[in-house]
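*Asks:* Predicted structure and sequence below. I'll ask about it afterward.
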Amino acid sequence: MAKDKLTDYDATASNNTDVGGISVAEGMLPSGVNNAIREQMSHLADFAAGTSGVDVLKLQDDTDTNSIKLQAPASVTADTTFTMPDGDGSADQVLKTDGSGQLGWADRHANPSLIINGAMTIDQRNNGASGTDASVYTVDRWQYLPSQTLKFTWGQNLGSVTPPDSFTNYLGFSSSSSYSIGSSDYFVAWHKIEGYNTAHLKWGTASAKTVTLSFWVRSSLTGTFGGALKNGARDRAYPFTYTISSADTWEQKSITVSGDTTGTWNTTNSTGILLSFGLGVGSTLSGTAGAWAAGDAFTATGATSVVGTSGATFYITGVKLEVGSTATDFVHRSYGEELALCQRYYEVENNIYVVSADTTVNNNEYYTGFFAVTKRANPNVSVTGTWSGSTPTVEAGRLNSYRLTSGSNFYSNDTGNVVADAEL
């Protein structure tokens, strides 16, 4: 066979008797040498151009951006990936085409989560302390919602069990008594996601995207547990179930949900999606698992009631909601980044130093302070702690600032606090 391109060449030297039909066998004519070399040069040019039939990655000089790009072979498609083993031999480094042949790093851990504080790290309100109050936030962004008071104790790292690998915190619940739930009772841990952060899911349209929920869970009980995804109006819900197989053991779960193609889904600064985990819910607020339906369901029908067993525990962490049908690894944001995301909804300025005497208007003392993070909406601002002279009141809370006022001089020498609440 004539050796018309590089892929025709044989690894056994004696089998390469021609170059593009030009004889290079023993005893070849001297005039064939030049012609064979020229033919071989054309084969190398084809190789460099990516037209030789050999798939290669090339370095491409990009003079527009003064950079070097890695050019994919001509045969690849937009969804082709190239896996490169890292130092320990595992395939952690992935290159993926962008549709034009250019390659970029595709981090397999990078699919972002719609959940804020999914690792239960930030706890501005309680600083790790437990509580029994009803309808309150526990750790940041996670609310406990019960129909009856004093049925649970909750808190960050409640029970002091060892979290799953790579986590240091979890949200814990412990049942305070054995309570038989009525048909309209509910005991729920839930998380509200802002519409700006869910608009790209296109829920409520024919283009609704599939999402996957994943989390680590541990309970003293076993069996079928449940939760739900629903809209801000709470008139569309997708109840789901998951199974806890071993008591007092961390288990990782994932649930894939096809996006809702009907209903009204907020896409601005109100609640876009509500995620709930049932700790005991009556039949009125439970629904059929695995399907979207009209109505307000906190969990799936028949799910285990944690509140039904005295001393029962329920712990959860590593909660991630992401686009796609596959659960990817939980990505730990830096503490500062996670705190800033939480502060959009709730911010505490602890032990601040404030002096009001700099500004006096109509014999009233004023102080203007600025938030660390722009709020979701104009917040409710309050003051706590010890203030000298007089305790100021809040005149105004804005997206970026607040103003304190009093009829007489006031100051806080690292003993007063300002709290801003813009929760969904």
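*Replies:* Ah, there it is. Numbering: from 1, shown residues only.

*Asks:* tally of neighbours for residue 34?
*Replies:* Residue neighbour count, defined by other C-beta atoms under 10 Å, stands at 10 for residue 34. For glycine as for every other residue, the C-beta is placed from the backbone atoms N, C-alpha and C.

*Asks:* buried ones in the helix or strand hosting it?
*Replies:* When elements are assigned from DSSP states H and E, residue 34 belongs to helix 31-49. Neighbour counts over helix 31-49 (16 or more other C-beta atoms under 10 Å) mark 32, 35, 36, 39, 40, 43, 46, 47 as buried.

*Asks:* Over to stretch 310-321?
*Replies:* Residues of stretch 310-321 classed as buried: 312, 313, 314, 315, 316, 317, 318, 319, 320, 321 (neighbour count, 16+ other C-beta under 10 Å).

*Asks:* Just the closest of those residues to residue 266, please.
*Replies:* Taking C-beta to C-beta as the measure, residue 266 lies nearest residue 321 of those, at 15.9 Å.

*Asks:* Go ahead and produce CSV holding the CA coordinates of stretch 10-28.
*Replies:* Provided in CSV are the C-alpha atoms of stretch 10-28 (Å, rounded to 0.1, in the frame of the first residue of the first chain):
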residue,chain,number,x,y,z
ASP,A,10,4.6,1.4,9.3
ALA,A,11,6.4,1.0,12.7
THR,A,12,8.7,-1.6,11.0
ALA,A,13,11.2,0.3,8.9
SER,A,14,11.7,-2.3,6.3
ASN,A,15,8.0,-2.2,5.4
ASN,A,16,8.2,1.5,4.4
THR,A,17,9.2,1.1,0.7
ASP,A,18,7.7,4.2,-0.7
VAL,A,19,6.7,7.8,0.2
GLY,A,20,3.5,8.8,-1.6
GLY,A,21,4.2,6.2,-4.3
ILE,A,22,7.9,7.3,-4.7
SER,A,23,10.2,4.3,-4.2
VAL,A,24,12.6,4.4,-1.3
ALA,A,25,13.4,0.7,-1.5
GLU,A,26,17.0,-0.5,-1.5
GLY,A,27,18.6,0.4,-4.8
MET,A,28,16.2,3.3,-5.5
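
*Asks:* How far away from the center of its chain is that stretch?
*Replies:* With C-alpha atoms, centre = their mean, to the nearest Å as the basis, the distance from the averaged C-alpha position of stretch 10-28 to the chain average is 60 Å.

*Asks:* for the buried residues of helix 31-49, which one is nearest residue 328?
*Replies:* residue 47 (37.2 Å).

*Asks:* what's the first-to-last distance across stretch 154-174?
*Replies:* Taking C-alpha to C-alpha, to the nearest Å, the first and last residues of stretch 154-174 lie 6 Å apart.

*Asks:* Give me the contacts around it.
*Replies:* The set of residues that contact stretch 154-174 without belonging to it, under C-beta atoms under 8 Å, 6 or more residues apart in numbering, is 119-121, 123, 126, 128-132, 138-139, 142, 144, 152-153, 189, 216, 218, 248, 250, 252, 279, 306, 311-318, 330, 332.

*Asks:* swap in stretch 336-355?
*Replies:* Around stretch 336-355, the neighbours that count as contacts under C-beta under 8 Å, 6+ apart are 116-117, 119, 121-122, 124-125, 137, 140-141, 333, 367, 369, 371-376, 379, 385, 404, 410-424.

*Asks:* mind running it again at 6 Å?
*Replies:* Taking C-beta atoms under 6 Å, 6 or more residues apart in numbering as the criterion, the residues outside stretch 336-355 that touch it are 116-117, 121-122, 124, 140, 367, 371-373, 376, 411-412, 414, 417-423.

*Asks:* Of those residues, keep whichever come out buried.
*Replies:* 116-117, 121-122, 124, 140, 367, 371, 373, 376, 411-412, 417-423.

*Asks:* related to what we said a few turns ago, relative to residue 200, which of the buried residues of stretch 310-321 is nearest.
*Replies:* Where the buried residues of stretch 310-321 are concerned, and distances follow C-beta to C-beta, residue 200 has its nearest neighbour in residue 321, at 12.7 Å.
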